[in-house]
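Novice: 3D, please:
(chains A and B)
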Amino acid sequence: KAGVTQTPRYLIKTRGQQVTLSCSPISGHRSVSWYQQTPGQGLQFLFEYFSETQRNKGNFPGRFSGRQFSNSRSEMNVSTLELGDSALYLCASSREGHDEQFFGPGTRLTVL
Amino acid sequence: DAKTTQPPSMDCAEGRAANLPCNHSTISGNEYVYWYRQIHSQGPQYIIHGLKNNETNEMASLIITEDRKSSTLILPHATLRDTAVYYCIVRVAGGTSYGKLTFGQGTILTVHP
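Specialist: Below is the predicted model of the structure:
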């Protein structure tokens, strides 16, 4: 079956703009988690959605938000972009959220 | 979730077994040991997980010590494509850790020809 897909794969924005990233989970998976990966901080958990509800949240400012739709697809939004938001954003899906996660290829965001 | 300690890097010859250690001395009774790997510029890939018994799948074997304070991931016949960062993660199944994996720095495994 098809894996986790993320769009777009690459994105360039300028400071102050906002961005929306999309994630389509594996069919049948209801949990979607988002992560940020930077060289300095490594892989950090942003938040998790299950059945359209945010169920878990990492330690990121309110500029980072997300949502999940009834078909389990998820989007994350970053407002008022800062240079430090440049990163690889990964989403992962799992059946229930407490089992193994399957990651997408990521969206590489560059903020200029 | 319990903290894990892994060596920063390891080397392995192609065709030999790669044994990647992980220390998780503060693991609780309801915490599982998960292994993921990340090949350069790709998303992490699930490898295997276990609670207390040894586990094996088509990718690897997981050996957990009897006291559960450490574990070893074994790639039986390493290939060049196994060069990656390997992450050992300890997490509770369910509860407040829903959907959350806490990644450390991992072990950079380099497989040489």
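Novice: Look at the single nearest residue of chain B relative to chain A and say how many residues are nearby.
Specialist: Closest residue of chain B to chain A, C-beta to the nearest C-beta: B:Gly99 (2.7 Å). From N, CA and C alone the C-beta is placed, and that goes for glycine too. Other residues lying near B:Gly99 total 25 when counted by other C-beta atoms under 10 Å in any protein chain shown.
Novice: ditto for the one 4 residues further on
Specialist: Neighbours of B:Phe103 under the rule other C-beta under 10 Å: 20.
Novice: next one: B:Gly29
Specialist: B:Gly29: 8 neighbours (other C-beta under 10 Å).
Novice: Then it would be within a strand, right?
Specialist: No - with DSSP: H, G, I helix; E, B strand; the rest coil as the criterion, B:Gly29 is located in coil rather than a strand.
Novice: Any buried residues in stretch A:103-112, and which?
Specialist: A:103-109, A:111 (16 or more other C-beta atoms under 10 Å in any protein chain shown).
Novice: Look up phi and psi at the residue in chain A positioned nearest to chain B.
Specialist: Closest residue of chain A to chain B, C-beta to the nearest C-beta: A:Glu48 (2.7 Å). Torsion angles at A:Glu48 (phi, psi; degrees, to the nearest 10) stand at phi -130, psi 140.
Novice: Chain B contacts on chain A?
Specialist: A:4, A:31-33, A:35, A:42-45, A:47-50, A:55-56, A:58, A:90, A:92, A:94, A:97-106 (C-beta under 8 Å from any C-beta of the partner chain).
Novice: ok, which residues in chain B are in contact with chain A?
Specialist: By the rule C-beta under 8 Å from any C-beta, the part of chain B lying against chain A is B:34, B:42-46, B:49, B:87, B:92-105.
Novice: From the residues of chain A next to chain B, which land in strands?
Specialist: Among the residues of chain A next to chain B, the residues falling in strands (DSSP state E) are A:31-33, A:35, A:42-45, A:47-50, A:55-56, A:90, A:92, A:94, A:102-103.
Novice: Write a ChimeraX command that selects only the buried members of those residues.
Specialist: The command below creates a ChimeraX selection of those among these that count as buried (16+ other C-beta under 10 Å):
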select /A:31,32,33,35,43,44,45,47,48,49,50,55,56,90,92,94,102,103
